[in-house]
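Novice: fold the following.
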Amino acid sequence: MLLKKVAIIGYGSIGEKHFKILKKIKSIKTIIIISKRNIKINPRSKKILLSDDINFLKTEKPDIAFICSPASDHLNQLLFVAKLGIHIFIEKPLTNYEKISNDFLNILKNKKLYCFVGYVFKYKKILINLKKLIAKEIQRNNNPLLINSICTSDVKKWRKRNYKLTVSVRKKLGGGVINELSHEIHYLIYLFSGLDFYRAIKLKNLEGSDVESEALIQMQDNKKKIYCNLYLNYNSTNEERKCEIFFKKKKIIADFKRNIISIFIKNKIKKIKFSEKKDIIYSNQIFEIINTIKLEKNIIKNHNQFKLYDKINNLLININH
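Specialist: This is a model prediction of the structure:
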């Protein structure tokens, strides 16, 4: 199936990012934008349709809808779009700490719909190669013993307008450090599928916010005896994004800010540097989506992948409670 008409629901920073990529794809002739914002776009070679009402999709039915709205709207919009028989892409997090019923998965199966979730971090070269390195160790029966993951940043810097007015710091819209930095939860489950929630400590220390800005989360895989500490903070003057993985006789450190993997064996250190264009992971994500639908690749695999995202959603719910 060739994608000719796409919709973007919500036109904040991520919706705009996806629009810039989609408008360059020749096969896409029409882009529908559903947003309450006053948007001015030069259509050029594309047909651009604007509306502030999601019901517009009932008459102008797109091939796929990119849901880029606040997390608090995700669940209702997921069901709405699926019932229309439209393929789905939804930005992370999947919901605002809400359970997804089996009805949704049944709709995907019955209507043969693809559903993708925007955990784009898995397209980074460093993570792809880190996964390969870990898989090699596990094949040698050398399971990791301990994982330390950290992600610290300053929400006031990566929000263009007054951060107090943004989705990131408003509980009712799905804000908070756990949802906003849930890429870390995803990549840890992506690398170590057996991890499950153990306990969490959450702190609120960001002025003008009613959500947690700092969290220490512990997870573990009881079967393989793997333990994981995850520290998240988006009210920090220090920006850091690392993952340390300890094996019996080896340590691997992935520095996602510098794009370097360091491998420590005894007194030796091997460093692997990765380079890629800025935001290329977003393009790679969209091209994979387009090719998957175009070539009608294994839809059962897609649905099983969604079950992984549902697991992450449930893990986020457990952390939040």
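Novice: okay, helices next: where are they in the stretch 51-200 of the chain?
Specialist: 56-59, 71-83, 102-110, 125-139, 155-158, 177-180, 183-191 (DSSP state H, counting those that start in this stretch).
Novice: tell me the most buried of those helices?
Specialist: Looking across these with neighbours counted as mean count of other CB atoms under 10 Å, the highest average goes to helix 177-180: a mean of 26. For every residue, glycine as well, the C-beta is placed using N, CA and C.
Novice: lowest-pLDDT helix or strand in the protein?
Specialist: Lowest mean confidence among the helices and strands of the chain (mean pLDDT, DSSP states H and E): helix 155-158, at a mean of 86.
Novice: returning to that earlier point: nearest to G118, of the helices of the stretch 51-200 of the chain?
Specialist: The closest of these to G118 is helix 183-191. By CB to CB, the value is 9.5 Å.
Novice: now do the SS call for A7.
Specialist: strand (DSSP: H, G, I helix; E, B strand; the rest coil).
Novice: now for it: which residues touch it?
Specialist: Taking CB atoms under 8 Å, 6 or more residues apart in numbering, we find A7 in contact with 31-34, 57, 60, 62, 64-66, 86.
Novice: try it again at 10 Å.
Specialist: Listed by CB atoms under 10 Å, 6 or more residues apart in numbering, the contact set of A7 reads 30-34, 49, 51, 54, 56-57, 60-67, 81, 86, 89.
Novice: before we move on, what about S101?
Specialist: S101 is in contact with 75, 79, 107, counting by CB under 10 Å, 6+ apart.
Novice: my guess is the first one meets A82, correct?
Specialist: Just to be clear, that refers to L75. No - the criterion here is CB atoms under 10 Å, and L75 misses it with A82 at 11.0 Å.
Novice: now for the least confident helix or strand of the chain, which elements pack on it?
Specialist: Helices and strands touching helix 155-158, as assessed by 3 or more CB pairs under 10 Å, 6 or more residues apart in numbering; DSSP states H and E, comprise helix 177-180, strand 235-246.
Novice: what is in contact with L75 and A82 at once?
Specialist: Counting by CB under 10 Å, 6+ apart, the shared contacts of L75 and A82 are F104.
Novice: just to revisit the earlier point, from the contacts of S101, which is closest to L133?
Specialist: Nearest to L133 among those is L75, at 36.4 Å by CB to CB.
Novice: which SSE is the closest residue to I147 other than its chain neighbours in?
Specialist: Nearest non-adjacent residue to I147, counting by CB to CB, 6 or more residues apart in numbering: C228, 4.1 Å away. Applying DSSP states H and E as the criterion places C228 in strand 226-233.
Novice: kindly export that strand (C-alpha atoms) in CSV.
Specialist: The C-alpha trace of strand 226-233 is given here as CSV (Å, rounded to 0.1, in the frame of the first residue of the first chain):
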residue,chain,number,x,y,z
ILE,A,226,20.1,-8.7,36.3
TYR,A,227,19.7,-5.5,38.4
CYS,A,228,19.2,-2.0,36.9
ASN,A,229,19.3,1.5,38.4
LEU,A,230,17.9,4.4,36.3
TYR,A,231,18.3,8.0,37.3
LEU,A,232,16.2,10.7,35.5
ASN,A,233,16.3,14.4,36.1
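Novice: note down every partner strand of it and its orientation.
Specialist: If you go by DSSP bridges, strand 226-233 pairs up with strand 146-154 (parallel), strand 214-221 (antiparallel).
Novice: among these, which is nearest E288?
Specialist: Nearest of these (CB to CB): strand 146-154, 24.2 Å.
Novice: orientation of that closest one relative to helix 125-139 in degrees?
Specialist: Angle between the axes of strand 146-154 and helix 125-139 is 170 degrees (criterion: axes from the mean of the first three to the mean of the last three CA atoms, to 10 degrees).
Novice: what about strand 146-154, distance to the chain center?
Specialist: Remark: strand 146-154 is offset 16 Å from the chain centroid, using CA atoms, centre = their mean, to the nearest Å.
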